[in-house]
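K.L.:
Quick check, what structure comes out for this input:
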Amino acid sequence: MTRAEVAPLLDRLLTERPSLHGHALATPVNWQLGDDLLRWLLRNLPDDATTLETGCGYSTIAFAAMSRSHTVVSPIEAEHERVKEWCAAHGVATDHVRFIAAGSQRWLPAAVEGGLIEPLDLVLIDGDHAYPIPGIDWYFTAGALRVGALMVVDDVSIRACGDLRRFLEGEASRWEAVATINDATAFRKLTDGVVDYTPWNQQPWNRRRPSVAERVMVMRSKVRLRTRLRNALTIR
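P.N.:
The predicted structure is shown next:
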């Protein structure tokens, strides 16, 4: 579909607001990608793009309409079926969409090992937000991302996703933060060799100055340790 065709499709999607999320036997709920981020993807996704996302929902419909090839990695098959049904009802083809009903933390490493991920123009990390899964999603897709392509991290207000955002912000020579939309940050990949490139003590993330909150937490831990040791000596 052309961008001119996709724009009214997104308008219709955001007007109807179907509930696509949840297991087969549960009442579907709506955990959609932000409206502004969906429209940002429409403006910034390259033509004939190859894309991958962890998670499934409105973004899957957008990628199905805009991408030449798309992979969606999400363990809940009922969500895939709801997306396919909405697309079929609105004239959106899904034969070029690969639906992977598996946890990304399991499938992505095996896919990389098996050479199942082709070069990518955009990755959207919006799957399981439990630590450390957003980082795993990044680690096993960053190498396949083309130089100049985009890595979008959604729900950065959640700590596991926010830590990934802060890590990438620290990697300024390898990743450029190009936009913040809704609760997401988009990064452009600047160079090859963005994973497994340097010893831990040379990573900007590990060399950064601890925040005030982190320093306070360390001080409190030391006080608690001294108190425990003093109490132990007193009991003896």
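K.L.:
Off-centre distance for the helix or strand G148 falls within?
P.N.:
Take DSSP states H and E as the rule and G148 turns out to sit in strand 145-153. Offset of strand 145-153 from its chain centre (Cα atoms, centre = their mean, to the nearest Å): 11 Å.
K.L.:
buried residues in it?
P.N.:
Of all the residues in strand 145-153, those buried under the rule 16 or more other Cβ atoms under 10 Å are 145, 149-153. From N, CA and C alone the C-beta is placed, and that goes for glycine too.
K.L.:
what's the answer for stretch 15-31, then?
P.N.:
Here stretch 15-31 shows 18, 20-22 as buried, counting by 16+ other Cβ under 10 Å.
K.L.:
can those residues go into CSV with extra columns for pLDDT, distance to L190 and secondary structure?
P.N.:
Formatted as CSV, the buried residues of stretch 15-31 follow (pLDDT from 0 to 100; distance: Cβ to Cβ, whole Å; DSSP: H, G, I helix; E, B strand; the rest coil):
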residue, pLDDT, distance to L190, secondary structure
P18, 97, 37, coil
L20, 97, 34, coil
H21, 97, 34, strand
G22, 96, 38, coil
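K.L.:
and which of those residues is nearest A130?
P.N.:
Nearest to A130 out of those is H21 (Cβ to Cβ; 16.2 Å).
K.L.:
That closest one reaches P28, doesn't it?
P.N.:
Yes: counting by Cβ atoms under 8 Å, H21 sits close enough to P28 to count as a contact (6.3 Å).
K.L.:
tell me which strands and helices the strand holding G148 is in contact with?
P.N.:
helix 35-44, strand 120-125, helix 133-142, helix 159-170, strand 184-189 (3 or more Cβ pairs under 8 Å, 6 or more residues apart in numbering; DSSP states H and E).
K.L.:
Save the ones you listed as a markdown table, and put in mean neighbour count, mean pLDDT and distance to A93 too.
P.N.:
Listed next are these as a markdown table, based on neighbours: other Cβ atoms under 10 Å; pLDDT from 0 to 100; distance: least, Cβ to Cβ, whole Å:
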| stretch | mean neighbour count | mean pLDDT | distance to A93 |
| --- | --- | --- | --- |
| helix 35-44 | 17 | 97 | 17 |
| strand 120-125 | 25 | 98 | 19 |
| helix 133-142 | 22 | 98 | 24 |
| helix 159-170 | 18 | 96 | 31 |
| strand 184-189 | 22 | 98 | 26 |
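K.L.:
which residues of this structure score low on pLDDT?
P.N.:
208-229, 231-236 (pLDDT under 70).
K.L.:
all strands in it, in order from the N-terminus.
P.N.:
Applying DSSP state E to the chain gives strands spanning 50-54, 69-73, 97-100, 120-125, 145-153, 175-181, 184-189.
K.L.:
Export those strands as a markdown table, with columns for distance to P204.
P.N.:
Formatted as a markdown table, the strands of the chain follow (distance: least, Cβ to Cβ, whole Å):
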| stretch | distance to P204 |
| --- | --- |
| strand 50-54 | 25 |
| strand 69-73 | 29 |
| strand 97-100 | 33 |
| strand 120-125 | 20 |
| strand 145-153 | 17 |
| strand 175-181 | 11 |
| strand 184-189 | 14 |
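K.L.:
OK, contacts around P46?
P.N.:
Contacts for P46 (Cβ atoms under 8 Å, 6 or more residues apart in numbering) come out as 121-122.
K.L.:
residues in contact with the spatially most central residue of the chain?
P.N.:
Nearest residue to the geometric centre of the chain (Cα atoms, centre = their mean): I125, 0.9 Å. With contact taken as Cβ under 8 Å, 6+ apart, I125 is in contact with 53-55, 134, 137-138, 141, 151-154, 161, 164.
K.L.:
can those go into CSV with extra columns for distance to Y197?
P.N.:
Shown next, in CSV, are the contacts of I125 (distance: Cβ to Cβ, whole Å):
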residue, distance to Y197
E53, 25
T54, 23
G55, 27
P134, 20
D137, 19
W138, 14
T141, 16
M151, 16
V152, 22
V153, 20
D154, 25
C161, 22
L164, 17
